[in-house]
Each structure stands twice: as structure tokens, then as C-alpha cells.
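Visitor: pasting the sequence and the predicted model now:
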Amino acid sequence: MGTEGATGARNTAATEDVAHLLVRCLRAEGVEYVFGIPGEENIRFVDALNGSGIRYVLVRHEQAASFMAEIYGRLTGRAGVCSATLGPGAINLLLGVADATTNSAPLVALAAQGSLRRLHKESHQVIDLVSMFAPVTQWAAQISCPDGVPEMTRKAFKTAQSERPGAVFLAVPEDIEAAYPTEPLAPLQIDTVRADAPSPSQVARAVEVLTTARHPVVLAGHGAARAGASAALLRFAERLNIPVATTFHGKGVFPDDHPGALGAVGFMRHDYVNFGFDTADVLICVGYEIQEFDPVKINPNGDKRILHLHRFAAEVDAHYPVAVGVKGDPSQALDALSAALPDGLTYDRAGSARIRTLLDEELRYGRDNDAFPLVPQRVVADVRTALDRHDIVLADTGAGKMWMSRLYPTYEPDTCLVSNGLSTMGFALPGAIAAKLARPDRRVLAMMGDGAFLMNSQELETAVREDIPLVVLVLVDEEYGLITWKMELELGRHGHTRFTNPDLVGYARSFGAHGYRIESAEHLLPTLTRALDDGGVSVIACPVDYSENLRLTDRLGALSGPF
């Protein structure tokens, strides 16, 4: 009788279980893909995705699913969604979730959990997931009531996608997934948070700083790229003749072929671009976030006046003393500041041409260098030649990232992607899969060292099975080259960084991908072009000579300014 009563109540109250309601809420949020691996405890959720219009992308490791969700979120501005079972599956999501938060990318992670009746005690595969995810997310919670699904889903996406974006985690106990709400429910209306217009009083204070400045420099960060501030940044820089540098995350928000472009800051030594900051008295930081790189590298004495233009206040740092914070949409702030400045006010971009010349000379050195294994400058130059302005390259963490971040000319935002908040290895291959899904009209290249490649190389199978064309350029030196570089700089020696690889070409082909081995410097560019154009999944194994690493830091150390 009790069972019949429960069934009858269920049928008159609601006709869909939590799994189907959750999927409907995801669909209402505009979710196109869920990246993940199903488990016993979330089979109803995975089944409910069938016929929903949401494509479930089965991956080979949950860590890869979280990287895919991160890059999808970064490129679209809409939270990428990853899913896993409880316990070990959820734990495997943790790295990409943390990467998304530190890289300010919107992501919603869903994980199963044990049933409510066993969460109070020691139980198979049960750990406190909410407490585990809380330190690396904007919000972490457990859905403990079927009726809370629409509100909690809406809050998850609103939190993930608002400034400052980041990751959100929701745990769904297995008995809740199968339960029914007490009444029919629907997804909540989406309320988009709009950026505030900048305060006129703050703009006026910023004008006072700029009218007394002699050598201001703009630093554009990831927040400028997220806000779509490229056009406003160009107008501002050209109106005042101010040079513009970017962070590694901001690459492309100001085109590197513009006469006022200084390049990217964030290298581990005093790079050419840093000289552009040495004589600056005012730093106009647009969308800059401190986790992108340490401000001590451009304001070592903490004596430069800083204008902070962003949608939220700056982090506190002794080397980032904000003179004026202009809170609001960066584009509106730049335009308001430009309009309020006196007519005829302009500055001298002295030194910027010299900096660009030095970077161009490095690229020319690479293009003309036929050494084999290849010097990294040759790799950067050939990748730039092979890719169109709007194509996407993901540079994985390692020595290759440092060369790409400082030297690769970038012309549009989010076309050269790195992990710089957490600097995670292994994100580029799964990230490239998501990049191609988010931007199907772009060609996508994952560039990574052999150490990073083998951390998530199993996702080649995902790309082949899901028919997602991309190219993986593996820089082969059989070493964790960035760590060797750092050891040599700091200790004068290195150790425990060498390893061996399988036959990478045969390995790629075993997944059904194309495999190429570079055997001369002249071989790389035509191979890249062929692989990018053939519409399949390709792996290119390219030997590199990283003896250039120490030559670069020695050269930079001997360089003196001002320019």
C-alpha cells in the first residue's frame, strides 16, 4: 500500500525524474556538449541526454573532460559542462576544474554521489566531494532536494559565467537523480548580468593621472579579451599614441602587427617587452588579473601609478598599488577615459619600435635556421606561417609555451591559448577537441612537448571516434625541458628530467590518426600545412634543440636599457 501510494503521488505531482529535469535545465542554459565518462551512479542522467539536443562526448579520462569544458567555456563565454561518476571519477575532474577557476574560464562540473542514506557514514566510493571542490571553485554544492534542481542549475551557470568567471561544482546523489520533484518544474528564466558603466568620478580621477603622465603604457590582460575590448583598446591606443603590451592570456586582444604593439609579458626573465615598462610612470591595466603574472616584473619598486580598468576590483599586491580603479565594462571605461582627456594630448611611443624589431629579428633567425633538430624559433615561425590569423593554437605548459607566448605573433584574442593561472600540463590535446567544437570554422593546432603529450594522449581516440579534425605538434626532446632550463639557470646543473618515448608516429596511427615524423627543418612547414588541410586527426613528431633556452636567457641577461 505504501508503494502504491508513493507511485500515485509521483504520477500526479511530476512526470519526469531529476535526471531528465536536470538535462532540461542544461538545455535551457544553451548547453551543446557534455564531456565525460558515465558511471553506475549517474546512468539516468547520461541516458536522459539521449534525444535532448545535447551531444555527450565520451572521453577516455575525466581529467580530459574537465579541460574540454574549460576551453569550450573560454572560447564561447558559456560554461562548458563536464560530468563524472562519484569518487575516483569526480576526483579526476579536479585538475581541469581548478585550471578553469585560475584561468577565469566558466565551467560547470557535475558528479554523481552516493545516496543520501549512506553519506553520513564510511561507505564505498564516498568522499566529501563538496569540501574537496570548494577551494577551487566559485561555488560547490550538493543537490539534496529534487525541487531545488532548477534553482541550483541556474545559480551554477550564473555564478560560473558572471565576472569573474570560473568553475562551479554540483554533486548529485544517486537516489536524488532517480527521484521526482513534488510538483512539475521548469527551468528558470536566464537573467544575464550586464557590466556597469564606469563611474564618472573615477574616470575624472583617472584623467588627472593621465594628464600628468609622461610615459604611460597599457597592459591588456585576459579580462580585456573576455570583454571583447579589442576595438576600444585600438581606439584608445591610437588616440593617445600609447604602446600596448599584453599578458600571455591577453595575446591577440591588441594585434601584434600594430605599430604600438609591445608584445607579451610574463617570461621568467627580463624580456624585451619588460623594457617598455622600465621607463613607464603610469600603467593602464585593462582586464589584468594578478594570477596571470607577478606584477613585480614590471613594477619592481612599487612606485608606478596604476590605473586598473576592470569589471571587479584588483587583488591586493605590494607591487600593484592602484592609484585609480575604474570599475565597469573595459570598453566603456576606455572610451569614457579617451573622451574625457584633453584634445591634442598624445604621448611618445619611444622604444616600442626597438622592442618590436628585436622580436622580429628572433623570428627571422628562426625562419632562416635550418638546424636539425629544429631550434624553437623555427618552430614558432613555421607555425605562424601555417596558421591563418583567426586559427587557434593551444600551447601546452613547458618550454614550448614560453617560446610561443613571448614570440608568436597573435592578431585576434583567444587564438593563442595557454594555461597561465595554474600552468597545467596536458591540457592542449583535450582542449583542442573542445576548441574545434566551439569554433568549427577555425583550424586547430595543439602544440605540446612530449612530456605533456603523454599525459593525455589517450584523447586521440576521442578525436578520431568523434570525427573532430585537429593537429597535434609534439616537440620531442625526451625531457621535461622547462624544468631542465630552470635548474640550469638556478643551480647550474639538472637531473631527473629525462625520459624515453614510444614510437610516436606508430602510436598515433594505432589510434587511427595520421602520423608524421619531421626529419629536417625544411620538412616541418609543408607537413603542418598538409596535416591542417586534410580534415583528419594528425600527430607530428618534431625533434627540437632546446640549447637555445639558455642562449636566450643569457642574451636577455646581458641586455641593457632603456630603449
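Guide: Cool, got the structure.

Visitor: need the helix or strand of the chain with the lowest average pLDDT.
Guide: Of all helical and strand segments in the chain, the minimum by mean pLDDT, DSSP states H and E falls on helix 2-13, at a mean of 39.

Visitor: downstream of it, the next helix or strand is which one?
Guide: Next helix or strand after helix 2-13 toward the C-terminus (DSSP states H and E): helix 18-28.

Visitor: how distant is that next one from the center of its chain?
Guide: Helix 18-28 sits 27 Å away from the centroid of its parent chain (C-alpha atoms, centre = their mean, to the nearest Å).

Visitor: which residues does that helix contact?
Guide: The contact list for helix 18-28, computed with C-beta atoms under 8 Å, 6 or more residues apart in numbering, reads 16, 34, 42, 44-45, 47-49, 52-54, 81, 110, 143, 146, 149-150, 153-154, 172, 176-181, 185-188, 190. Placement of C-beta: from N, CA and C, glycine included.

Visitor: mind redoing it with 7 Å?
Guide: Helix 18-28 is contacted from outside by 44-45, 48-49, 52-54, 81, 146, 149-150, 153, 176-177, 179, 181, 185, 187, using C-beta atoms under 7 Å, 6 or more residues apart in numbering.

Visitor: restricted to buried residues, select the residues you listed in PyMOL.
Guide: A single PyMOL command selects the buried members of the contacts of helix 18-28 (16 or more other C-beta atoms under 10 Å):
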select buried, resi 44+45+48+49+54+81+146+149+150+153+176+177+179+181+185+187
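
Visitor: so which of the contacts of helix 18-28 are in strands?
Guide: Among the contacts of helix 18-28, DSSP state E puts Val81 in strands.

Visitor: which ones among the contacts of helix 18-28 lie within helices?
Guide: Arg44, Phe45, Ala48, Val149, Pro150, Thr153, Ile176, Glu177 (DSSP state H).

Visitor: wait, which of the residues you listed is closest to Cys285?
Guide: Distance to Cys285 across those (C-beta to C-beta) is lowest for Thr153, with 34.9 Å.

Visitor: residues touching that closest one, list them.
Guide: Going by C-beta under 7 Å, 6+ apart, Thr153 touches Leu22, Cys25, Leu26.

Visitor: what of Arg378?
Guide: Gly366, Arg367, Asn369, Ala521.

Visitor: quick check: it is in a strand.
Guide: No - Arg378 sits outside any strand when classified using DSSP: H, G, I helix; E, B strand; the rest coil, being helix.

Visitor: what's the burial count for the residue lying closest to it once chain neighbours are set aside?
Guide: Among residues not flanking Arg378 along the chain, Gly366 sits closest, at 4.3 Å (C-beta to C-beta, 6 or more residues apart in numbering). Gly366 is flanked by 22 other residues according to other C-beta atoms under 10 Å.

Visitor: tell me what the helix or strand containing Gly366 is packed against?
Guide: Using DSSP H and E, Gly366 maps to helix 352-368. Helices and strands touching helix 352-368, by 3 or more C-beta pairs under 7 Å, 6 or more residues apart in numbering; DSSP states H and E, are strand 261-265, helix 272-278, helix 376-386, helix 399-407.

Visitor: which strands or helices does the last one pack on?
Guide: Spelled out, it's helix 399-407. In terms of contacts (3+ C-beta pairs under 7 Å, 6+ apart), helix 399-407 is packed against strand 261-265, helix 352-368, helix 376-386, strand 392-395, strand 444-449, helix 481-491.

Visitor: could you dump the ones you listed into TSV with mean pLDDT and distance to Ser66 added?
Guide: Below are the helices and strands packed on helix 399-407 laid out as TSV (pLDDT from 0 to 100; distance: least, C-beta to C-beta, whole Å):
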stretch	mean pLDDT	distance to Ser66
strand 261-265	94	26
helix 352-368	92	34
helix 376-386	98	26
strand 392-395	98	15
strand 444-449	98	16
helix 481-491	88	23
